[in-house]
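> make a model of this:
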Amino acid sequence: MKNMRWSEAPLPDSDGGGGGNGTPTTPQIKNHSVTYHRGYLYCFGGYDGRRNHQTLLIYSLREGRWITPAGTGNNNGVSVGVGVGGNNNRQHNNDTREHFTVRGVPPPGRNGHTATLATCRSSRSRRRRRNLIANGNNNNADNAAASDADADAAMAAMDPSSAAQEEVKQAIAELASAIDAMDAELDTNENNAVNDNTQGGDDDVTTINHNHLNNPNEEEEDDDGNDNQMNEDDDDDDDDDDEDAQIIIIGGWLGSGPLAASDMWVLDISGGLERLHWFQPPTVGTPPGPCNMHSADFIPSRGKVYVFRGGNGREYLNDLHALDVETYTWRAVQTHGVAPQQRANHSSALLDHNGKSELFIFGGWNGSERLNDIHVLDTATSTWSTPRVLGVKPHPRAGMTLTALRGRLYLFGGSGTSSKCFDDLQVLDRKEMAWLDVNEEEEESSSNNNNKQQQQQQHPSPYYDNSLEMTTGGANNSNNNRDPSSSWEMLGGQDGMMMGGGGGNNNDNDTGIKFADWRSYSGTSGGVHHHPGGGCISSVANPNDEDMVPSVYVNGKPPGRRAGHTATAVGRHIYVFGGSCGTDYLNDFFVLDTDPPPLMKITEPPSPQLYASRLRHFYNDEEFSDVTFLVEGRKVFGHKLVLSTVSDCFRAMFMTGFRESGSEKTEIEIPNCSYSSFCTMMEYIYTGRGPHDINVYSDEHGHNGMDRAISLLELADQFFLYNLKQIIEGILQPAVNGETYTFLRQVAQKTNANQLESYCRYFERNMNELIE
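Coordinates of the predicted model:
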């Protein structure tokens, strides 16, 4: 079984005020977007109940704080410091703070849009081509050799609303074809062939070298499967192998007009925080048109963003469009099979399974009811299917998130009927094609684990979760064969649209003890075992269960009810931010750790507990016995080590110089003692059970039970068994009355039973009152 963990930590400005050192106030928003790239979460847009947001915010995972890039809305760009720990501070060896700029004009404020990270391993010529397209430059291919500074200036000066737009598009298409030929020759020389259908048309299968086009949310692996961070110095030495990364903003609701937005904007993040750049590229082909509460997913194997359209402001839609991320060419995707019904505010995610990229669509709102159906698009054949999914389906909902991670889809939150918000976590396992049984697990109670906590305090565990320092992976890590176990962690700060981020006791005196009796772990019970996360699980399946699906366990403090939030995959973590529930707009930040480090727990009993649980099996057992007592002519087997440990009398008896010591197999006669009383004493020594079955009023004369108790009291005094003596004193105390108190006081004095003697004297002083 696997377990997951939620946890939380406040943001620096969790008190609602602005953070120090330039840290911005965390916005309370829903229907925004959060996209991960190289240690940073890029948050854009959203609605706070009054207005749409336009400011780009960046959250540094390493520093745990929000950053507001300077120069937003300024074509010239302004440099500011953001602290140490990013990917681009290698040029500032004498400065402890990174610098970044944001150029270009940002998109208008919006919500319900999509922000999709599209990356590929692009050669220099492809990057130049993309800059040319962004610039709207219709000159010859020699312009591709312009410096980055010139390119940035051209991009800033671009006017996408120019009257010559159509002529520019035509020139761009011709230029793209020419550069395609150049790229093909370069790729042949570099032995990195890529077959790419950049001109639209039929949805043919595109063959891609998967080592050439990387999923941005996947951790790179060495040949042995270990996680491997990218060596940035190597990137500097080989510009032709730089990552071409961009966040593509599509559609959304601008807050005015009858229809949703139909525009597309691009944030170039290839140069890291130092060279962020907004621009609005001209496009080729027919774009989807107005779209809001839609979904958009980057298909790395095809180099395209697939947009499943939601609403346009007037109606609900289900058409599918593809955007080539290098040429910005739109085309409608002709699909086969039964497409999902029209809907908006659904969720989608991409999973790689058996070498195929599958696009999942879940739930949403069709104008009359909320949905909980699942549809899968095989992106290689453009075929829709509706798989049979085992397990219990989530409740119908909209505005939830669906995040792909290591072969599983993690669904969280959303709104159901009567706008009721959910706070449940649902997990779909692609290999099982089943909704897993997700169980909430409480933290272990300290009162039940005193011994464990004391040992942990004395020996602090060196294990902690430092994966954020090591991981550069992300959502669709389908090539990683590790099964997720899973945990939530809140960092502080609803985007149903944001899909870019994606033994029994021996009670008699016989000596037939078997090896299994004392060698087994008596603490275990049949049919129940512990799973790695703690807690007990019945190992017996319910025969009435219709679908047997695996279980996962989640503990920690989860996010509250919400919809319109975001859930972004980073390595093995899923970051949940914002959203709303009713009129409450949220800015908290949670993290689900889907594969937390195993907790170093002490679950096996220590030696003293083993002694206590196993020692009883050696009572009156000849196995390993090294001393035999003769009581009324009958043998009682014992063990010197055990008897010496609990009784100083036995210890003195076995020490050198006493006649009972010396022989390897000692045989000792115990005179003036009944066999029954001696066995009761020995059973107490080996099991710790006192003779609570003695009834001092066992016959009409009151002597039989009392005699047995007195016999045990004398044995306890003889062999220095003080605990047993106190037990017998308690048994004899009810027998103190007007006829017995003198006799029992004499017995107490003879056996040094101080408590019994004290009670007899108390009875004598208060006899008249007590008898009445």
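> can you give me the strands in the stretch 651-772 of the chain?
666-669 (DSSP state E, counting those that start in this stretch).
> low-confidence ranges in it?
Where the stretch 651-772 of the chain drops to pLDDT under 70, the residues are 656-665, 699-703.
> mind listing the helices for it?
Remark: helices assigned in the stretch 651-772 of the chain by DSSP state H, counting those that start in this stretch are 675-687, 704-718, 722-732, 741-751, 754-765, 767-771.
> next, format those as CSV and append mean neighbour count.
Any C-beta I mention is one placed from the backbone N, CA and C, and that applies to glycine too. Listed next are these as CSV, based on neighbours: other CB atoms under 10 Å:
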stretch, mean neighbour count
helix 675-687, 19
helix 704-718, 21
helix 722-732, 20
helix 741-751, 18
helix 754-765, 17
helix 767-771, 10
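> got the ones you listed as JSON lines, with distance to V325 columns?
Output for those, formatted as JSON lines (distance: least, CB to CB, whole Å):
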{"stretch": "helix 675-687", "distance to V325": "75"}
{"stretch": "helix 704-718", "distance to V325": "87"}
{"stretch": "helix 722-732", "distance to V325": "79"}
{"stretch": "helix 741-751", "distance to V325": "94"}
{"stretch": "helix 754-765", "distance to V325": "88"}
{"stretch": "helix 767-771", "distance to V325": "96"}
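> so which helix or strand of this structure has the lowest pLDDT on average?
helix 467-470 (a mean of 33; mean pLDDT, DSSP states H and E).
> for the helices of the stretch 651-772 of the chain, which one sits closest to G560?
Evaluated with CB to CB, the helices of the stretch 651-772 of the chain place helix 675-687 nearest to G560, the distance being 51.7 Å.
> got the angle for that closest one vs helix 704-718?
Using axes from the mean of the first three to the mean of the last three CA atoms, to 10 degrees, the inter-axis angle of helix 675-687 relative to helix 704-718 is 50 degrees.
> what residues does helix 675-687 touch?
505, 509, 615-616, 618-620, 629, 631-632, 634, 636, 638, 642-643, 646-647, 670, 689-691, 708, 711-712, 715-716, 719, 721, 724 (CB atoms under 8 Å, 6 or more residues apart in numbering).
> buried among the residues you listed? Make that a PyMOL selection.
With 16 or more other CB atoms under 10 Å as the criterion, this PyMOL line picks the buried residues out of the contacts of helix 675-687:
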select buried, resi 615+616+618+619+620+629+631+636+638+642+643+646+647+670+690+691+708+711+712+715+716+719+721+724
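> for the residue nearest to L724 when sequence neighbours are not counted, give me its contacts.
Spatially, and ignoring its direct neighbours in sequence, L724 is nearest to A716 (4.2 Å; CB to CB, 6 or more residues apart in numbering). Counting by CB under 8 Å, 6+ apart, A716 touches 681, 722, 724-725, 728, 751.
> any chance of CSV for the residues you listed, columns distance to E326?
Below are the contacts of A716 laid out as CSV (distance: CB to CB, whole Å):
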residue, distance to E326
M681, 90
Y722, 87
L724, 87
K725, 91
I728, 91
T751, 98
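> ok, so of these, who is nearest G271?
Y722 (80.3 Å).
> from L744, how far off is that closest one?
Y722 sits 19 Å away from L744, going by CB to CB, to the nearest Å.
> pLDDT of stretch 50-63, averaged?
When pLDDT is averaged over stretch 50-63, the result is 92.
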